[in-house]
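Undergrad: Predicted model, plus sequence, below.
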Amino acid sequence: MSADDIDIYAICEIEEIAPGTAKAFDLSRVMEDGEARPFRIVVIRTAVREFAGYVNACPHQGTWLNIGGGQFFNADRTRLRCGRHGSLFDIESGVCVEGACEGKHLEPIALAVVGRDVCLCGVRLVEEEHRPFPYDDFDDTMEIMISPD
C-alpha cells in the first residue's frame, strides 16, 4: 500500500477544539462490503498541535463516552470518563485504568494535523455531497416584477 492509497479526511479545523477539550464527531464509515455504518469518534486536543482520537465507544458495553451529560472528562479533567458506568481512561493511551473494563482499551483512530486541519487517516468515510444553495446561480442583483392591477 502506498501513501496515495491512504484515505485522509479533514474533519475540523484546529481552532474548533480548544487545548484540553474534546469534541465528538458523528461520521459515516464505508465498510468492506460497501455499506455505510455510523462511525462516532472523539478527538481530544492534548497540546497546541497535538491530538488523540478514539472511537466514541466504551469497551464495557459500547456506549458513548459522553452519554448522559455530554462530558468526556472526569471532574479534574485528567482522564476520559464513560458517562454510563464511570470507567476512567488514560487520555494518551486509551487504557481503562479504573472501572468495569479495567485493562481494556478504547479503539484508537489515526489523526494527523495537515495545515490548519485535523485529519482522520486510514478510514474510508462517506463524503458529504455538496448540495448547492438554490440561488447559487443568481448574481447579486435583484429582479423585481411589477404587475399592474
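TA: Alright, I've got the coordinates. Residues are numbered from 1 along each chain as shown.
Undergrad: Find the nearest non-adjacent residue to W64, please.
TA: N56 (5.1 Å; C-beta to C-beta, 6 or more residues apart in numbering). C-beta here means a position set from N, CA and C on the backbone, and glycine is covered the same way.
Undergrad: Contacts only, for the one you found.
TA: Under the criterion of C-beta atoms under 8 Å, 6 or more residues apart in numbering, the neighbours of N56 are A24, R40, I41, V42, W64, L65, N66.
Undergrad: try 7 Å
TA: N56 makes contacts with A24, R40, I41, V42, W64, L65, as judged by C-beta atoms under 7 Å, 6 or more residues apart in numbering.
Undergrad: Which one of those is nearest to I6?
TA: Of all the contacts of N56, I6 sits closest to I41, with 17.2 Å by C-beta to C-beta.
Undergrad: A57 is in contact with that closest one, correct?
TA: No: using C-beta atoms under 7 Å, I41 makes no contact with A57, being 9.3 Å away.
Undergrad: Looking only at neighbour counts, state which of the two leads.
TA: I41 (21 against 17; other C-beta atoms under 10 Å).
Undergrad: so how far is C58 from A100?
TA: 8 Å (C-beta to C-beta, to the nearest Å).
Undergrad: What's opposite C12 in the beta bridge?
TA: V118 (DSSP bridges).
Undergrad: Cross-check the contact I'm expecting between it and L120.
TA: No: in this structure C12 lies outside contact range of L120 using C-beta under 7 Å: 9.8 Å.
Undergrad: Can you pick out the residue with more neighbours from those two?
TA: Shown here are C12 and L120; by other C-beta under 10 Å, L120 has more neighbours (23 against 16).
Undergrad: Just want to check the distance between the more buried one and F89.
TA: 20 Å.
Undergrad: Which strand residues bridge the residue sitting nearest the centre point of the chain?
TA: Centroid check for the chain by C-alpha atoms, centre = their mean gives F25 as the closest residue, at 3.1 Å. For F25, the beta-bridge partners under DSSP bridges are I41.
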